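Asker: Return atomic coordinates for the entry below.
(4 chains)
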2 protein chains.
Amino acid sequence: MQPFDPSATPGVPLYKEVKRRILATLSVGEWKPGGLIPSEKELCKLFAVSIGTLRKAIDELVIENILVRHQGRGTFVVSHNRNHHFFHFFNITRHDGQKSYPTVELVRFSKVKADALACEKLGVAAGSKVFVLINRLSLDGNKPVIDVITLPEHLFPGLTEQQLRQRTNTLYNFYQENYQLNVIRTEEHIRATLAGGELAEWLAVTAGTPLLQIGRSAYSYDNQPVEWRITYVNTEQYEYAAKPAQ
Amino acid sequence: MQPFDPSATPGVPLYKEVKRRILATLSVGEWKPGGLIPSEKELCKLFAVSIGTLRKAIDELVIENILVRHQGRGTFVVSHNRNHHFFHFFNITRHDGQKSYPTVELVRFSKVKADALACEKLGVAAGSKVFVLINRLSLDGNKPVIDVITLPEHLFPGLTEQQLRQRTNTLYNFYQENYQLNVIRTEEHIRATLAGGELAEWLAVTAGTPLLQIGRSAYSYDNQPVEWRITYVNTEQYEYAAKPAQ
DNA sequence: TTACATTTGTTCGTATGTATA
DNA sequence: TTATACATACGAACAAATGTA
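Answerer: I've put the predicted structure just below:
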């Protein structure tokens, strides 16, 4: 005989329900990125489950890079920092596989009506306003990457060019600190294209140079779309390192 | 007091040791792809560990796509089939995300001395012989993909063009069935390039068309390199779908 | 259709080890 | 040194899926 539990749903394992409740708590900002969540013992009491069930829920959130455990210290909400987690979303390396931190230069900032593609990718109504940022990234003195980033205005109210220029950490850290938007997952689709026009200028290549064109959707908790970007990469000296098929 | 265990190594958790022993058993071919491994109860006896420890070892192998569990049936060694597991290593989709199975046409088959890059990627001595296969893939009547595949001769003794033409399943299934080489992991690095020469002919595009150039190393158990390939993709109608950052 | 044995999945809990502050 | 927190290892009981008699 099961103990009475009003939240129990037939067919849904208890640990999945615990996981959902942890995600919901993260989603409303009760536990903040970089912060400590209650200990396993406390969470067992809170959710009225055994330690094994709780650990199974947290295990999945750790695998999904949403929580991180530190033996002896506690369990933390994953945060976007320069040191931790950055290369999880930055897949550009030198041909020899060497990674390095890019420096970023804001080339353009504007607020416009979203085009059809942006509306679809961001899940906003036709005619909605969006911010468009164009960033140029430098690596080892080269400038091989241009990011064209689209952000829905309703999630970034009052965003200004100055704020973006003054940020000292990563862009995803900026979203997190200033707009409580925590990017936890991306989807990427890669095509080849040719440089031309302003893109060729910004990358300092001749028109007709082959480039990678990487479309990325970035999501927060609850699969909320936060950002849509297209990244262009000159692969003369750099390349895209795909994650091992898993 | 711990029970005496001659295989125990200080600092290495028991479940990691169990995992290593399962991998070693797979590596020598004692449990075959597609086949059933002993039940959890039997494995507990075999390794003299508790059910929890055994499950933790198997959990990791399931996450790594090496084993697969079926409730009520048992635990199986993952196998390369047309139906199961194929899209795990095939990341080309239509622009709308639609997946379909390619048909394959062998364009060229030869045995040559490995060049420096192939030697490095396959971990073979300079001057070693390798087979080079060129495949053209069709999707929905289009021919957007060329694979240039390099295989070390010592792992594929006696490989013939006829064998390759007669295969009815995937290439990785062919390696598995005929050479007991089970590809379980790949690494991929993506660049942009321009079509030209034979490549442009095979893909039926004009010279100067931008293409994806995807370098892939494929590994078996024990990180043994099995295959090195370069895939060229015409992304006019297709694209590379990266796995979600995980 | 039914009954049963087998196998994995879920949930519970305890004891001990290891890392941290 | 001590308390706290996660990591590892143990195992019991029951649920759910599967295949077979």
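
Asker: Now do the strands in chain A.
Answerer: A:67-70, A:74-77, A:92-94, A:103-113, A:129-139, A:142-152, A:185-194, A:210-219, A:225-234, A:238-242 (DSSP state E).

Asker: what residues go with each domain of chain A?
Answerer: Using automatic domain parsing, the domain parsing of chain A gives A:6-77, A:93-240.

Asker: so which of those domains comes closest to DNA strand D?
Answerer: domain A:6-77 (3.5 Å; CB to the nearest atom of the strand). Where C-beta positions appear, they are placed from N, C-alpha and C, glycine not excepted.

Asker: sorry, back to before: can you put the strands of chain A in a markdown table and add mean pLDDT and distance to DNA strand C?
Answerer: As requested, these are exported to a markdown table (pLDDT from 0 to 100; distance: least, CB to the nearest atom of the strand, whole Å):
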| stretch | mean pLDDT | distance to DNA strand C |
| --- | --- | --- |
| strand A:67-70 | 97 | 6 |
| strand A:74-77 | 97 | 9 |
| strand A:92-94 | 98 | 29 |
| strand A:103-113 | 97 | 31 |
| strand A:129-139 | 98 | 32 |
| strand A:142-152 | 98 | 35 |
| strand A:185-194 | 97 | 22 |
| strand A:210-219 | 98 | 24 |
| strand A:225-234 | 98 | 29 |
| strand A:238-242 | 97 | 28 |
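
Asker: Reformat these as JSON lines; add mean neighbour count.
Answerer: Formatted as JSON lines, the strands of chain A follow (neighbours: other CB atoms under 10 Å in any protein chain shown):
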{"stretch": "strand A:67-70", "mean neighbour count": "15"}
{"stretch": "strand A:74-77", "mean neighbour count": "18"}
{"stretch": "strand A:92-94", "mean neighbour count": "18"}
{"stretch": "strand A:103-113", "mean neighbour count": "13"}
{"stretch": "strand A:129-139", "mean neighbour count": "19"}
{"stretch": "strand A:142-152", "mean neighbour count": "21"}
{"stretch": "strand A:185-194", "mean neighbour count": "20"}
{"stretch": "strand A:210-219", "mean neighbour count": "22"}
{"stretch": "strand A:225-234", "mean neighbour count": "22"}
{"stretch": "strand A:238-242", "mean neighbour count": "22"}
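
Asker: Distance to DNA strand D for the ones you listed - can I get that in JSON lines?
Answerer: Shown next, in JSON lines, are these (distance: least, CB to the nearest atom of the strand, whole Å):
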{"stretch": "strand A:67-70", "distance to DNA strand D": "4"}
{"stretch": "strand A:74-77", "distance to DNA strand D": "4"}
{"stretch": "strand A:92-94", "distance to DNA strand D": "29"}
{"stretch": "strand A:103-113", "distance to DNA strand D": "34"}
{"stretch": "strand A:129-139", "distance to DNA strand D": "34"}
{"stretch": "strand A:142-152", "distance to DNA strand D": "34"}
{"stretch": "strand A:185-194", "distance to DNA strand D": "22"}
{"stretch": "strand A:210-219", "distance to DNA strand D": "26"}
{"stretch": "strand A:225-234", "distance to DNA strand D": "28"}
{"stretch": "strand A:238-242", "distance to DNA strand D": "27"}
